[in-house]
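Colleague: Here's a sequence, model it:
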Amino acid sequence: MKNRSIARKFAAVALAAACLGGSVSASADTPATGFIPLLPPIIDPSIFFAKPTQYTCGLATGGSPALYVSRDIQLNSYEAWSVDATTMRYWAPSAGAYSFRIVIRDTDRYGDIITRSAVKTITLAAATPLNVTTRFGNAWTGDTTRLSISHEEVTGPSALHFVQSPVVCGNAALSEIGGAMPGPAIDIGLIVTGDTNKTDTEVVEYNIPSINKYFITGRTDEKALLDAQPTVFVRTGKKFTVPAKNTYGNVYDVYRFFSPAPGAQSHVFVDKVDRDWLLSIPGTGLVDEGADFGTIKPDNAGVCPTYARKKIYRSFHSTPVVGQRNHRYSTTLADHNAMLLQGWLDEKVVFCAYN
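Modeller: Numbers count the residues shown, from 1 in each chain. Okay, here's the model as predicted:
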């Protein structure tokens, strides 16, 4: 995997640099934008901490089918900052086990994937409706205001149906079978929970003029300590905002190690896979400083999704002198290209930020 080779490269040079690599098997769903999400396994703290309801259209108490689940539900004005769970009512003419995956996208079926549920299997009695909750581990939605909820990889002994709501569902619509909007004006019972308020982190860049190195941090207490020494740690004015760590199921936490080796002191930024790998290696001398912030990863082509469209580029100052090696994370392509003109190596887009 890409992340493992990067981490080993840094281990070979005393890990005197910063990195975030990694890859996860891409979904077969390919939005028109070309973004193929690298989603971590779903982390589901919502089992223990319920999120408030952000959208509701009454679930029926009866049980007549309305439309096949091949139709998508689009919420046209979603004001929350995450999707934690959806609850819908299902019906099928034949008894048996039915499996599906729910995919939530920005805008419609052709938009960028925000999150996917695990494949869910439910057991239905013939012509007997059932309310089913599907969880997404509190997936961050950014500032997206239109969400599409799609059922994919559907299997079962007969067709699976939504059950129509007994009330009019405002702020929602159904797609055509192929995913295009708008579709039929029929109301589907739906409950969506998520976070009303956003939880994010501002990552700030500093330059250390005495050794001409760059450093980023999202830690509030650390920023205060560095700002108290303005001649030693100089804010460059560059910063970016990302989702907070340990909060959202579709966000990668970025972990930090410190290399205290004399003459080569530096920090190493890695994802959880490489963090666990480094911790398993004896004698590295690295100090585990825990998670710093969260991020959405670009896909393998360096494309960021529409709900986290700010690209953060990484360049590497490669030199035989270990103590002078350094990475810089640039918030604009112009800044990144300026580093390349100085001889720094291009390591492409590594983070997708909110702004």
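
Colleague: Surely Tyr274 forms part of a helix?
Modeller: That one is not Tyr; residue 274 is Asp. Yes. Counting by DSSP: H, G, I helix; E, B strand; the rest coil, Asp274 is found in a helix.

Colleague: how near is it to Tyr252?
Modeller: Distance of Asp274 to Tyr252, given as Cβ to Cβ, to the nearest Å: 11 Å. Bear in mind the C-beta positions are built from the backbone N, C-alpha and C, glycine included.

Colleague: after the worst-scoring helix or strand of the chain on mean pLDDT comes which helix or strand?
Modeller: Ranked by mean pLDDT, DSSP states H and E, the helix or strand of the chain with the weakest confidence is helix 2-12, at a mean of 37. Counting by DSSP states H and E, the next helix or strand C-terminal to helix 2-12 is strand 53-57.

Colleague: Give me the sheet partners of whichever helix or strand comes after that next one and which way each runs.
Modeller: Toward the C-terminus, strand 53-57 is succeeded by strand 65-68 as the next helix or strand (DSSP H and E). Sheet partners assigned to strand 65-68 using DSSP bridges are listed as strand 161-163 (antiparallel).

Colleague: what about the helices in the stretch 201-350 of the chain?
Modeller: 220-227, 272-279, 333-341 (DSSP state H, counting those that start in this stretch).

Colleague: Deepest-packed of the ones you listed, please.
Modeller: Across the helices of the stretch 201-350 of the chain, averaging neighbours per residue (mean count of other Cβ atoms under 10 Å) puts helix 272-279 on top, at a mean of 18.

Colleague: For it, name the packing helices and strands.
Modeller: helix 2-12, strand 252-259 (3 or more Cβ pairs under 8 Å, 6 or more residues apart in numbering; DSSP states H and E).

Colleague: CA atoms only: put it into PDB for me.
Modeller: This file holds the C-alpha atoms of helix 272-279, laid out as PDB (Å, rounded to 0.1, in the frame of the first residue of the first chain):
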ATOM      1  CA  LYS A 272      -4.000   5.300  11.900                       C
ATOM      2  CA  VAL A 273      -2.700   2.500   9.800                       C
ATOM      3  CA  ASP A 274       0.900   3.800   9.900                       C
ATOM      4  CA  ARG A 275       0.600   5.000  13.500                       C
ATOM      5  CA  ASP A 276      -0.200   1.400  14.600                       C
ATOM      6  CA  TRP A 277       2.600   0.100  12.300                       C
ATOM      7  CA  LEU A 278       5.200   2.500  13.800                       C
ATOM      8  CA  LEU A 279       4.100   1.700  17.300                       C
END
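
Colleague: What's the mean pLDDT across it?
Modeller: Model confidence over helix 272-279 averages 88 on the pLDDT scale.

Colleague: Count residues in the vicinity of Thr236, would you?
Modeller: 16 (other Cβ atoms under 10 Å).

Colleague: Show me what the closest residue to it other than its chain neighbours bridges to in the sheet.
Modeller: In space, and not counting its chain neighbours, Thr236 is closest to Glu205: 4.8 Å by Cβ to Cβ, 6 or more residues apart in numbering. Counting by DSSP bridges, Glu205 forms beta bridges with Ile216.

Colleague: Thr107 is in contact with Ser150, correct?
Modeller: No. Judged on Cβ atoms under 8 Å, Ser150 makes no contact with Thr107 at a distance of 11.7 Å.

Colleague: Between these two, which is the more surrounded one?
Modeller: Per other Cβ under 10 Å, whichever of Ser150 and Thr107 has more neighbours is Ser150, with 23 against 18.

Colleague: Pairing partners for the helix or strand where the more buried one lies, with directions?
Modeller: Here Ser150 sits within strand 147-155, counting by DSSP H and E. When pairs are called by DSSP bridges, strand 147-155 turns out to pair with strand 73-75 (antiparallel), strand 96-106 (antiparallel).

Colleague: Okay, buried residues for stretch 170-184 please.
Modeller: Buried residues in stretch 170-184, counted by 16 or more other Cβ atoms under 10 Å: Ala172, Ala173, Leu174, Ser175, Gly179, Met181, Gly183.

Colleague: give the contact list for the last one.
Modeller: Listed by Cβ atoms under 8 Å, 6 or more residues apart in numbering, the contact partners of Gly183 are Arg71, Asp72, Ala173, Leu174, Ser175, Glu176, Ile177.

Colleague: Distance of the residue nearest to the second one when sequence neighbours are not counted relative to Ala185?
Modeller: On the basis of Cβ to Cβ, 6+ apart, the spatially nearest residue to Asp72 that is not a chain neighbour turns out to be Ser175, at 4.0 Å. With the distance defined as Cβ to Cβ, Ser175 ends up 12 Å from Ala185.

Colleague: now Pro243
Modeller: Distance from Pro243 to Ala185, by Cβ to Cβ: 35 Å.

Colleague: With neighbour numbers in mind, choose between the two.
Modeller: Pro243 (25 against 9).

Colleague: Just list whatever residues bridge to the nearest residue to that one once chain neighbours are set aside.
Modeller: Spatially, and ignoring its direct neighbours in sequence, Pro243 is nearest to Gly294 (4.2 Å; Cβ to Cβ, 6+ apart). Going by DSSP bridges, Gly294 is paired in beta bridges with Asp253.

Colleague: Next, Ser94: secondary structure please.
Modeller: coil.
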